[in-house]
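J.: Need a 3D model of the following:
(one chain, ligands or ions: 1)
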Amino acid sequence: MPVEAEPGAHSRPGAGRNAASTSDPPGGDRESLIGLTRAELAERLQAVGVPPDRVGMRAKQLWHWIYHRGAVEFDAMTTIGGGVRAALAERYTLARPETATEQRSTDGTRKWLLRFADGREVESVYIPEEDRGALCISSQVGCTLSCTFCHTGTQRMVRNLDAGEIVAQFLVARDSYGEWPSPRGPRLLSNIVMMGMGEPLFNYDNVAKALRIVMDPEGIALSRRRITLSTAGVVPMIERCGADLGVGLAISLHAVRDDLRNELVPINRKYPIAELLAACRRYPGASNARRITFEYVMLKGVNDSEADARALVRLIAGIPAKLNLIPFNPWPGAPYACSPPEAIERFAAIVNRAGYAAPVRAPRGRDILAACGQLKSASTPRPARRRATASPASAPAA
Ligand code: SF4
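T.: Presented below is the predicted three-dimensional model:
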């Protein structure tokens, strides 16, 4: 019997059994509906017995409840009949990942360590400004790349996150601010930066699916202009990302010579600086109104000379660009030190004089290891042999 036609159906989870719900989903666990497309939600509704002529309407309602209202229980979905709610609750879940820890910095930055169903963990960080803020979202557990200045880079790659696990990081942060229903005006969680653990362009399909959900105008409705995806330089995927998603692009550049960048950002051996910048020049939608951000971590005596600054200006000539100078944020065992303030100021001044905005990013959340390049969750570290290349002694002189 279709659940929509069930007489006397009520909303208690587990009630309203129907033909489709008599067998448990594989593994006995309920599947999460977070991260599914509308078409996939429609399939799940059909699977619990919603008649085909109502599936579209119900999928729209479900979407509204999950992403506009932030519902965590099917019971709360009062526009959906009790029979359908009960059938959904029997088979599916809207549960968030477990918050293993939540830390708050003295500067207001918050960091969540989130644990997924398989026990794997990632970190997400919320960086508040006065009346808005950015959530830094992870895309992988660990990272395949071993950027030598990055704490995540010392952690083995465990797996990609699926789209639901990426979206859920946003939902958890929203829950903690109680910012539901999704505001149409100013909001505290106003921006997303895909700059957490992992290389998002190595998990492109899941990242793209998650960002489309976040941008959907009937749900969270975050504008693509408020989303920035940061890559270490997966050149073949950069243009596609811009064409598909139209989000802002940030490049983890960090060096102006291939020999140094090969060491700091080892993917450079595969896609050297010239190829990376050529991909930036082709990035769809880049303009003076939508400039590409080049991230540049300031490492004492490694990449912070005035000659480096001048070379940087020459490299990015012709690209609508802004610089983001990041004072190095130390982590336990880090092989680098942060450039002194005078060196950063001199570097910024040269870039500024060339016509590029070059704000120095104020470190946020350093006291809770939530700042740029400091994220890490518990997993097996990489073998020491792979990290040994990061010794300052091996860094070419600046
Ligand atoms: S900087 Fe990004 S790509 Fe490089 S190791 Fe860290 S998380 Fe991975």
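
J.: Ser339 and Val297 touch, don't they?
T.: No. Taking CB atoms under 8 Å as the definition, Ser339 is not a contact partner of Val297, at 9.1 Å. In this view, the C-beta of every residue, glycine as well, is placed from N, C-alpha and C.

J.: which parts of the stretch 201-350 of the chain sit against the ligand?
T.: For the stretch 201-350 of the chain, the contact set with the ligand under CB under 6 Å from any ligand atom comprises Ala232, Ser252.

J.: Flag the shaky bits of the stretch 201-350 of the chain, pLDDT-wise.
T.: Judged by pLDDT under 70, the stretch 201-350 of the chain has no weakly predicted residues.

J.: what about the strands in it?
T.: 227-231, 248-252, 292-298, 321-327 (DSSP state E, counting those that start in this stretch).

J.: export stretch 97-108 as CSV, just CAs?
T.: What follows is stretch 97-108, C-alpha atoms only, in CSV (Å, rounded to 0.1, in the frame of the first residue of the first chain):
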residue,chain,number,x,y,z
PRO,A,97,28.2,13.3,12.1
GLU,A,98,29.2,13.1,15.7
THR,A,99,31.0,16.1,17.1
ALA,A,100,34.0,14.5,18.7
THR,A,101,35.3,17.8,20.0
GLU,A,102,34.5,21.5,19.6
GLN,A,103,37.1,24.1,20.4
ARG,A,104,36.8,27.8,20.6
SER,A,105,39.7,30.1,20.2
THR,A,106,40.1,33.3,22.2
ASP,A,107,39.5,35.2,18.9
GLY,A,108,36.1,33.5,18.4
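
J.: Now tell me what touches it from outside.
T.: 110-117, 121, 128, 165, 168-169, 172, 176, 364-368, 370 (CB atoms under 8 Å, 6 or more residues apart in numbering).

J.: Among the residues you listed, name the buried ones.
T.: Buried members of the contacts of stretch 97-108, scored by 16 or more other CB atoms under 10 Å, are 110-116, 121, 128, 165, 168-169, 172, 364-366, 368, 370.

J.: give me the beta-bridge partners of the residue in the stretch 251-398 of the chain positioned nearest to the ligand?
T.: Residue nearest to the ligand within the stretch 251-398 of the chain: Ser252 (5.5 Å; CB to the nearest ligand atom). Beta bridges link Ser252 to Glu295 when assigned by DSSP bridges.

J.: And it, how far from Gly373?
T.: 9 Å (CB to CB, to the nearest Å).

J.: secondary structure class for the closest residue to the ligand within the stretch 151-300 of the chain?
T.: In the stretch 151-300 of the chain, no residue comes nearer to the ligand than Gly153, which is 3.0 Å away by CB to the nearest ligand atom. Three-state assignment for Gly153 (DSSP: H, G, I helix; E, B strand; the rest coil): helix.

J.: Helices along the stretch 251-398 of the chain, start to end?
T.: 258-264, 273-281, 306-315, 341-353, 384-387 (DSSP state H, counting those that start in this stretch).

J.: how about JSON lines for the ones you listed, with mean neighbour count added?
T.: Output for the helices of the stretch 251-398 of the chain, formatted as JSON lines (neighbours: other CB atoms under 10 Å):
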{"stretch": "helix 258-264", "mean neighbour count": "19"}
{"stretch": "helix 273-281", "mean neighbour count": "18"}
{"stretch": "helix 306-315", "mean neighbour count": "17"}
{"stretch": "helix 341-353", "mean neighbour count": "16"}
{"stretch": "helix 384-387", "mean neighbour count": "12"}
